[in-house]
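Undergrad: Mind folding the following:
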Amino acid sequence: MNHEEKAVHYYESGYLCSQSVLAAYAEEYGLTEEQALKLGTCLGSGMRMGEVCGACTGALMVLGLMHDDPKNRMAANENSKRFLSAFRDANGSYLCNDLLGCDVRTHEGVQYARDHHLFTEFCPKMVASAVEILEDIIINNR
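TA: Prediction:
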């Protein structure tokens, strides 16, 4: 399974978008699957507040692991900007509420997302998109 397939599989198995993206790369960057899933727990649904999409925060955590030397902070910052810009260009936004078209901080917003199958049909596409963009950045940094 490639990273995109792994991440989507995690998501479709019930994990959050943030957990799914990070876990797909965990072992390559020195984390166990269990550690990655724990680290991503509070970041789904835009940090539970409809902010930056959890698939993006999962990808940003992978970029952080990739740039683990404090001397590489500038490269990490540039790659973070590159990732968020590419994700926004590909999907219209990197904010969860904007992407879903509802406010997931509210019961009504969550219900809207459920009623319109956004968590099951739309969010896996965002997980796949995040991994696709992340893969591009990783390849360009080798």
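
Undergrad: quick one: contacts for the residue nearest to the spatial centre of the chain?
TA: The chain has A55 as the residue nearest its centroid, 1.5 Å off, counting by Cα atoms, centre = their mean. For A55, the contact set (Cβ atoms under 8 Å, 6 or more residues apart in numbering) comprises A7, C17, S18, S20, V21, C123, M126, V127, S129, A130, V131. The way it works is simple: take the backbone N, C-alpha and C, and place the C-beta from them, glycine included.

Undergrad: Using CSV, please lay out these together with neighbour count, secondary structure and distance to R88.
TA: Shown next, in CSV, are the contacts of A55 (neighbours: other Cβ atoms under 10 Å; DSSP: H, G, I helix; E, B strand; the rest coil; distance: Cβ to Cβ, whole Å):
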residue, neighbour count, secondary structure, distance to R88
A7, 30, helix, 19
C17, 29, helix, 16
S18, 32, helix, 17
S20, 31, helix, 20
V21, 36, helix, 16
C123, 26, helix, 17
M126, 24, helix, 12
V127, 28, helix, 16
S129, 20, helix, 11
A130, 32, helix, 12
V131, 26, helix, 16
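
Undergrad: And those, which is closest to K81?
TA: Each of the contacts of A55 was checked against K81 using Cβ to Cβ; the closest is A130, at 15.1 Å.
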